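**Q** Take a look and give me a structure for this.
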Amino acid sequence: MASVGLGGLGCVGREGDVAEGRVEPDREGFGALVGETFRILDAEGHATRAELVRVEDGPARADRDEYTLVFRSDRRDYLEPKLYAFYHTRVREFLAYLEPLRDDARGRLYAIVFNQFRPGAPAA
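**A** From the prediction side, this is the model:
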């Protein structure tokens, strides 16, 4: 597998990802996946599944995209705050730091905060 940097987010992609229709994860792409399930794997090989429940926009900035992905898993699955690999059939596999938020009526909520510089954008 190749490791590709993505503004502080690592992508772990295979050579055939583009040919298989997988795309680099971005704000628009994640928005289209709300309601879908991702497989989450830690460094020790423990896996769980979580639903992407929403994408929240951060403050508007000329030089970067800021947004948060909010996931929900079963309450039985507690994911510690750390780096995880995320898998979905429509985006390239990626690594991201996941933080627990709180429990709600349907499960446990977690967040990934993206802060990606736009290529060629002037510094703020």
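**Q** what about the helices in the protein?
**A** Taking DSSP state H as the test, the helices found in the chain are 27-31.
**Q** And for Arg54, the neighbour number?
**A** By other C-beta atoms under 10 Å, the residues close to Arg54 number 14. From N, CA and C alone the C-beta is placed, and that goes for glycine too.
**Q** Just grab the bridge partners of it for me.
**A** Assessed by DSSP bridges, Arg54 has beta-bridge partners Val70.
**Q** Quick check, pLDDT for it.
**A** Note on Arg54: pLDDT of 96.
**Q** same question, the one 4 residues further on
**A** Turning to Gly58, the model gives it a pLDDT of 87.
**Q** what's near enough to touch it?
**A** With contacts defined as C-beta atoms under 8 Å, 6 or more residues apart in numbering, Gly58 is in contact with Asp65, Glu66, Tyr67, Thr68, Val113, Asn115.
**Q** same check, this time on Arg27
**A** Contacts for Arg27 (C-beta under 8 Å, 6+ apart) come out as Val55, Asp57, Asp65, Tyr67, Phe114.
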